[in-house]
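Asks: take this sequence and fold it.
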Amino acid sequence: MAAGRALAALLAALLVASAQHLQREASFTISLRTVDKITVMIKLRPGVPPRCQIRFKNVSRSELKIKPGETMTFTFTCSTPEKYFIMEIQKNIDCVSDPCPFGDVHLYPPGLPRLNRTFIWDVKASTKAGLELRFSAPWLRQIEPGETCPDFVSYNINSCIDVATVNIGTFCRNGSVSRVKLLGGVVMSLHLPWDSPVTTSGFNIANRASIKRLCIIESILNGESSITLMSPNYPLGFPEDELMTWQFVIPSNMRASVFFHNYSLSNCERKEERVEYYLPGSLSNPEVFKLSDSQPANIAGSFNLSLQGCDQDTQNPGILRLLFQVVVQHPQVDENVTYLVNLSKEWNMTVTIHFEGWPSRIPSMSEPICLICKDPRTCDRVLTLVSGTVYKISFLCKDLSRLRITAEKGISCVDLRWCQRKIYSLSVPMAITKLPIQLRKFIWKLSAPDPINIEITSPSLKLQQHVPEQRCNTSYSYSIVSATPEAELNVGIFCPGGSIEKIQMRNNVTISLKTFGRGFLNESNHQDLKMSFVPHIKDECTFTVSPDPKAKVYLQTPSWLYGLPPYVSISWYVVVPGKHVARLAFSKDRMGITCETGRAYVNIKEETSGAEETVRREDELLPEPRKMYHNFWVNISNCKPVDKMQLALQFWVTFADRQIDLGLILGMVAGAGVLVAIGLTVCCVKKKKKSQNPMVGVYNANVNTQVPRKQGLFTKGRKTNESHVYAVIDDAMVYGHLLKESNGSVAPEVDVYRPFDGPIGSLPPSPPPFSFRKDIKPSNTSNTEEPPPLTDTDHDAYTFAHQKSGQSEDNGDTNEKNNGDTSTSLLENKEQDSSVE
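Replies: Purely as a prediction, here's the structure:
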């Protein structure tokens, strides 16, 4: 088997060598008739070195020209002349002085060498007549300048009016352009590669009446399709004050839409550049549009589109050019279903509905088109809605999953007095979430002057920072960027369900909510991100972290991929849950930078009185893992590192139940023992006091204890309610502190209760005022007036007997020496004590 393959390879090599030898030795004869008016030119390809020659009559040359009526026989000096030579075959047709050869156009002469060749038909005609180039199926497709056809077979059409030549366009095979009608002469070119099997021109020429415009291009669109067309001379300018028309033949059961993708306008002195439509069923044909307008869509059936130029400014003419697309599709089942988008209560917001990949990606021509319509005739692949308006939109799209929504909202503050107390909700409006389109991104742009900063909070869900060790797996995330005109700080990517409760930033902030899949529609009702404007803060960014005790929290510096910008300071305030202790650890032992200017620091400090602050510089080891018993701060501030060095630090915090140590337990036991001893002592004293002689109530008839009151509030009289009768007071614990001990015994003043036989009033006794003293006679030198007499007639009071303050404690004498009144009022005693103080 191997021997057979080797033999076959050897035979193939011999055949190739023989073919090359025959090609090198083969001669070509071209004979041209005078009546055909055909000229053949063989010349070197541009930019190719002359390594091959044409040998004619034993003379080598680099080009050969054969004129009408001549016959030439020649050979090539190489085996692959197609690499070095090209051939042009030009036929001149004069329809002004001679009859026009209407009908099919043939490729003549036959037997030409296999070279890259161009057939050119130069047709001269009067401007009073029109020429029509009719192409056979599968028709043509226009391409942009510089684009090549898949099979390298292309047509180029130029219109000739007097001495001016206008490039109508370049076309490939397999398209929708079926006819091109031109005013005046035409130069038609067909480019064929050396190995092309094409043997016919694929078009014919017909005579038509004057079309009164530059050209008419007809396209037939039978099924769902998309075509791109360009104005003549594109991307150069459309001729001044010219008119041309595109005719689109479309079945009435199909829908067509027009989209202008690229255009420019010239500077007009007179008239106005515009496009005109003849639409089926329109009552105002032609309908005139500016090139900047949204073009008609959802057109049922065939229509015409015309481009009209103007008289241009001679000094600065400008350029009128147009590239547009026509999309034909079947009517959609839900084309009459409208969706209400109410943005009337929103402000400073735009909502753009677009195809997936917009704006960086342009859909291919073969890709199905999805259109968004704000009215039956105004549809586009991209539709922008603005705040303050109510829209009714519909979709011409088979698969709505190919559409996306991008929205942007601006919030700004100029005066902190007006916006400091206001809290803004950073949630996606329901007008957007109700649409059957996936939200791609919602952007909030928050701006404020320098003295005003921005605070972002997530009270209930909290935020989790997206780090390699703890990735976000939710249906949406927030990208937060703090920026100034000079610098940008990428704070990070965050998602709900973490420990970060608050982020404060000094500069303008951009927050981008990005969704992942359709799950956001279910979670959109639980958004709780809010923002407010706050006074100036110290650091560029401050995080408040309030973790769950069971969580392990990873935190890292902003701009992780590119390093913390120079001279930027970031702080984290970590809340330690009650009855827990936190463990703080860094992911590496050094900062990993060398400062060119300034110093980089890591500061750690617990928020408690007397706490020491831990400080590390960039040339020192970072702190070892440590326990934190109180809320604490972590601050990282950068210097200006030397080139190609970046400051990027990550740390994490874990929590454990706080353990009570043995010393604390022993201290608590000792404290409990002291309390027990004090309790036993108090009990003993109480029992001792109860064993002593009880206190005796003493009635003092000379003291008034009554507060003036209104008559009638006390319903019973003194004679019936027995309020003036006192039982014996014997609670030593209540009044024991008024007694003084003398050798362990207490000798109360003793008297006998005597019933009161005097007059009885209707109110209970009340204590006397502090200024009233029965046993203290006023001084003769006193200038104070006598107090007004009491209104009540009762001046009786009860006082409690106690040991006189003047009694000696060490003589054991319990008998009181009476010099008159032996009882003293507690109120009087209290006043005397206060006077001593």
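Asks: pull the contacting residues for Lys37.
Replies: Lys37 sits next to 68, 91-93 when contact means CB atoms under 8 Å, 6 or more residues apart in numbering. In short, each C-beta sits where N, CA and C put it, glycine included.
Asks: if you set the cut-off to 6 Å instead, what comes out?
Replies: Neighbour list for Lys37: 68, 92 [criterion: CB atoms under 6 Å, 6 or more residues apart in numbering].
Asks: over to the one 5 residues further on?
Replies: Under the criterion of CB under 6 Å, 6+ apart, the contact partners of Ile42 comprise 64, 85, 87.
Asks: repeat for Leu112
Replies: By CB under 6 Å, 6+ apart, no residues touch Leu112.
Asks: do the same with the one 10 residues further on
Replies: Applying CB under 6 Å, 6+ apart to Asp122 gives the contacts 92, 187.
Asks: please name the bridge partners of it.
Replies: Beta bridges link Asp122 to Asn92, Val187, judged by DSSP bridges.
Asks: next one: it from Val166, what distance?
Replies: Separation of Asp122 from Val166 (CB to CB, to the nearest Å): 15 Å.
Asks: excluding its backbone neighbours, what's nearest the residue sitting nearest the centre point of the chain?
Replies: Centrality entry for the chain: nearest residue to the mean C-alpha point is Ser512, 1.2 Å, by CA atoms, centre = their mean. Using CB to CB, 6 or more residues apart in numbering and skipping residues adjacent in sequence, the residue nearest Ser512 is Ser479, 4.4 Å away.
Asks: what is the neighbour count of that neighbour?
Replies: Residues lying near Ser479 (other CB atoms under 10 Å) number 17.
Asks: would it count as being in a strand?
Replies: Yes. Assessed with DSSP: H, G, I helix; E, B strand; the rest coil, Ser479 lies in a strand.
Asks: that one touches Gly492, doesn't it?
Replies: No. Using CB atoms under 6 Å, Ser479 makes no contact with Gly492, being 7.9 Å away.
Asks: contacts for stretch 493-501 next, please.
Replies: Residues from elsewhere that reach stretch 493-501, judged by CB under 6 Å, 6+ apart: 461-466, 472, 474, 477-479, 543-547, 551, 553.
Asks: among these, which are located in helices?
Replies: Members of the contacts of stretch 493-501 lying in helices (criterion: DSSP state H): none.
Asks: quick one: the strands in the stretch 51-200 of the chain?
Replies: Using DSSP state E, counting those that start in this stretch, the strands of the stretch 51-200 of the chain run over 54-56, 59-61, 64-66, 71-76, 85-94, 103-104, 116-124, 129-135, 140-143, 154-161, 164-173, 177-183, 185-192.
Asks: which one of those strands is the most hemmed in?
Replies: Among the strands of the stretch 51-200 of the chain, strand 177-183 has the highest mean neighbour count (mean count of other CB atoms under 10 Å), at a mean of 23.
Asks: which secondary structure elements does it contact?
Replies: Here strand 177-183 touches strand 129-135, strand 215-220, going by 3 or more CB pairs under 6 Å, 6 or more residues apart in numbering; DSSP states H and E.
Asks: poorly predicted segments of the stretch 651-800 of the chain, please.
Replies: Along the stretch 651-800 of the chain, the parts satisfying pLDDT under 70 run over 660-674, 676-677, 679, 681-800.
Asks: then the chain?
Replies: Filtered on pLDDT under 70, the chain yields the residue ranges 1-25, 333-336, 365-366, 660-674, 676-677, 679, 681-837.
Asks: all the helices of it, residue numbers only.
Replies: Along the chain, counting by DSSP H, helices occupy 2-25, 416-419, 430-433, 520-523, 662-691, 718-721, 732-735, 826-836.
Asks: quick one: the second one to chain centroid distance?
Replies: Taking the mean C-alpha point of helix 416-419 and that of its whole chain, the gap between them comes to 25 Å (CA atoms, centre = their mean, to the nearest Å).
Asks: can you list contacts of that helix?
Replies: Counting by CB under 6 Å, 6+ apart, helix 416-419 makes contact with 413, 452, 533, all of which sit outside it.
Asks: in it, which residues are buried?
Replies: 416, 419 (16 or more other CB atoms under 10 Å).
Asks: hey, C-alpha coordinates of that helix in CSV?
Replies: Taking Å, rounded to 0.1, in the frame of the first residue of the first chain, the C-alpha atoms of helix 416-419 are listed here in CSV:
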residue,chain,number,x,y,z
LEU,A,416,-25.4,70.4,51.1
ARG,A,417,-28.1,72.2,53.0
TRP,A,418,-30.7,71.0,50.5
CYS,A,419,-29.6,67.5,49.9
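Asks: need the strands for the stretch 251-400 of the chain, in chain order.
Replies: Under DSSP E, counting those that start in this stretch, the stretch 251-400 of the chain gives strands at 255-266, 268-270, 274-278, 287-289, 299-300, 303-308, 311-312, 318-329, 339-342, 349-355, 371-375, 378-380, 383-386, 390-396.
Asks: now stretch 512-521: how far from the chain's centre is it?
Replies: On the basis of CA atoms, centre = their mean, stretch 512-521 sits 11 Å off its chain's mean C-alpha point.
Asks: ok, Gly202 - contacts?
Replies: Contacts for Gly202 (CB under 6 Å, 6+ apart) come out as Ser136.
Asks: give me phi/psi at it?
Replies: When quoted as degrees, to the nearest 10, the phi and psi of Gly202 stand at phi 80, psi 10.
Asks: what's the distance between it and Gly223?
Replies: Where Gly223 is concerned, Gly202 sits at a distance of 22 Å (CB to CB).
Asks: returning to what we had before: give me the beta-bridge partners of the residue nearest to Ser512?
Replies: Bridge pairing for Ser479 (DSSP bridges) gives the partners Ile493, Ser512.
Asks: what's the distance between it and Leu439?
Replies: According to CB to CB, Ser479 and Leu439 sit 15 Å apart.
Asks: repeat for Arg270
Replies: Distance from Arg270 to Leu439, by CB to CB: 49 Å.
Asks: more crowded one of these two?
Replies: Legend: neighbour count by other CB under 10 Å for Arg270 and Leu439, higher for Leu439 (22 against 9).
Asks: would you agree that one is in contact with Thr406?
Replies: No. With contact defined as CB under 6 Å, Leu439 does not reach Thr406; the gap is 8.1 Å.
Asks: that older thread, and of the contacts of Ile42, the nearest to Arg402?
Replies: Met87 (47.7 Å; CB to CB).
Asks: what's the closest one in contact with, if anything?
Replies: Neighbouring residues of Met87 by CB under 6 Å, 6+ apart: 42, 115, 117.
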